[in-house]
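[1] Just the structure for this:
(one chain, ligands or ions: 1)
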Amino acid sequence: MKIIRDAFTFDDVLLVPKVSGVNSRYMVDTSTNLTDNIKLNIPIISSNMDTVTEHIMAIAMSKAGGVGIIHRFNSIENEVLEVTKVKREQNIIIEKPYTVSKDTTLEKLRELSFEKKVKSFPVVENKKLVGIVTRRDFEFEENPNLKIEDIMTKDVITGYTKISLEQAKTIMNKNKIEKLPLIDKEGRLTGMVTSRDVKLLEGYSKASKDKNGRLIVGGSIGIGSDYMERAKALINAEADFIVVDVANGYLDKTADVVRKIKKLGVDVIAGNVATRSGVLNLKRAGADCIKIGIGPGGACLTRPVAGVGYPQLSAILDCSNSGVRIMADGGISKSADFSKAIAAGADTVMVGGLLAGTDESPGVIITKENVNYKFYRGMASINAFSDKASKTDESVDLEGYTPEGTETLIQYKGSVTKIVNNLVGGLRSAMTYLNAKNIAEFRKNAEFVLLTDSGKRESKYK
Ligand code: XMP
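    Purely as a prediction, here's the structure:
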């Protein structure tokens, strides 16, 4: 038995400032790579935990320039549905627009407009587009018995089913129209593009998008019996990458699953490990990015239960420069931790608890003595374990289970955007202090000093 080395975590160190020509936080570029194929504008990933990431969080993260990973603690069908909701979010094409027929009355149209909160309707007959009725056509009409046929525009400007963003924009600008119905070769209505959606899409210039302009999202799988079926279903739903999510990434089975999923031709993120040998093992199996972190998470009990782990800053340092992308996972409780993780060599950082308790995290707000909370739990907590059984049809032995995760109420924090902005703001500030215009320079210039107890107190770390 031997003690091999001292190991440190975020609060044990500070980054050393340098003479800097980077005079403003806005001069820095925070872009990074999740995998060699996937570029992000900010290095933040929301955890695949059931109290952190479903489609609403994933959409917010991707719009902010990071990405979210849908958790796997549900049926394959539900995980796929969550992925699909993200992929559809910024689709400029409304695939099933509400329609009316020629003999719908004005009264009925107004009711429909109020109910569906929609002001333009394609008019169809036997599925074929025969006209369009927009707010301008009916806003000032007074006779409720008028038929759509009498007020609709008959010469409709249309596009073809698989129109691109650029083509739709050109047609809409040229003809000064706000709605563009799409048709197939037989003239059947197949969708509609609205100028509002086009503008919204263009507004998110920092968003993480796939080659078709849709938001990116990851799906997660375990190493249990359904992993291949789940991975195939997620790829089919166009998840941009798959996370092989295992608490113990050192298991032979983890590497084996990575090897098999890689054969499906998708980018694979695998973990968790905390040492260079663990990283190299998963790299050999084909992983495109490796998650680093054994036990640093806020809801983790692995260290007190199993006595196994590795302080997170040293783990990142040990795993960096291994010739593969790495993602630091867990233990981020403030922006300083995030900056130090990146400085130590993480390409991206996964965050759970800090993003939980927000508007975008799953779950309801619970009010206790006039304070609002949301629930946050480790995925190896007893509650998550028993819920998993009911949601995935897996049989579990609750009696024999030793939980390695906790459950807690965390104070409700409002929008996740504020938290993401704080993390990025801290990173930008650290980059100016270290004379770094981009992440590569930040890493190159990073030097840490070890803190004494009084140094920690002075740094407000205690
Ligand atoms: P933070 O600190 O951001 O950590 O809340 C999120 C990460 O914690 C991991 N995780 C767990 N680790 N038992 C553990 O030991 C658990 O029950 C558990 N649940 C989540 C996971 O890596 C996550 O991204």
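
[2] secondary structure element for I261?
    Using DSSP states H and E, I261 sits within helix 252-262.

[3] Any buried residues in that helix, and which?
    254-255, 257-258, 260-262 (16 or more other C-beta atoms under 10 Å). All C-beta spots, glycine's among them, are computed from the backbone N, C-alpha and C.

[4] Make a markdown table from those and add distance to A285 to it.
    Converted to a markdown table, the buried residues of helix 252-262 look like this (distance: C-beta to C-beta, whole Å):
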| residue | distance to A285 |
| --- | --- |
| T254 | 8 |
| A255 | 4 |
| V257 | 9 |
| V258 | 4 |
| K260 | 9 |
| I261 | 9 |
| K262 | 7 |
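
[5] Mind putting the residues you listed into JSON lines with pLDDT?
    Converted to JSON lines, the buried residues of helix 252-262 look like this (pLDDT from 0 to 100):
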{"residue": "T254", "pLDDT": "98"}
{"residue": "A255", "pLDDT": "98"}
{"residue": "V257", "pLDDT": "98"}
{"residue": "V258", "pLDDT": "98"}
{"residue": "K260", "pLDDT": "98"}
{"residue": "I261", "pLDDT": "98"}
{"residue": "K262", "pLDDT": "98"}
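
[6] Which of those sits closest to the ligand?
    T254 (13.6 Å; C-beta to the nearest ligand atom).

[7] For the residue lying closest to the closest one once chain neighbours are set aside, which residues are in contact?
    With sequence-adjacent residues excluded and distances taken as C-beta to C-beta, 6 or more residues apart in numbering, T254 is closest to V246, at 4.7 Å. By C-beta atoms under 8 Å, 6 or more residues apart in numbering, V246 lies in contact with 222-223, 253-254, 257, 270-272.

[8] same thing but 10 Å
    Contact analysis of V246 by C-beta atoms under 10 Å, 6 or more residues apart in numbering lists 221-224, 227, 253-254, 257-258, 270-273, 291.

[9] May I have the residues that are in contact with E441?
    Applying C-beta under 10 Å, 6+ apart, the residues contacting E441 are 22, 28-29, 431, 434-435.

[10] Assign it to one of the three secondary structure states.
    helix (DSSP: H, G, I helix; E, B strand; the rest coil).

[11] Over to T432?
    Strictly by three-state DSSP, T432 counts as helix.

[12] in terms of contact, does it touch M27 like I think?
    Yes: between T432 and M27 there is a contact under C-beta atoms under 10 Å: 7.5 Å.

[13] Look up the residues that both of those two are in contact with.
    G21.

[14] State the phi and psi torsions of the residue most central in space within the chain.
    The residue lying closest to the centre of the chain (C-alpha atoms, centre = their mean) is G68, at 1.6 Å. Main-chain torsions, G68, degrees, to the nearest 10: phi -110, psi 150.

[15] Same check on I410?
    The phi/psi pair for I410 (degrees, to the nearest 10) is phi -120, psi 150.

[16] show me what contacts it?
    Contact analysis of I410 by C-beta under 10 Å, 6+ apart lists 51, 298-299, 353-354, 356-358, 361, 373-376.
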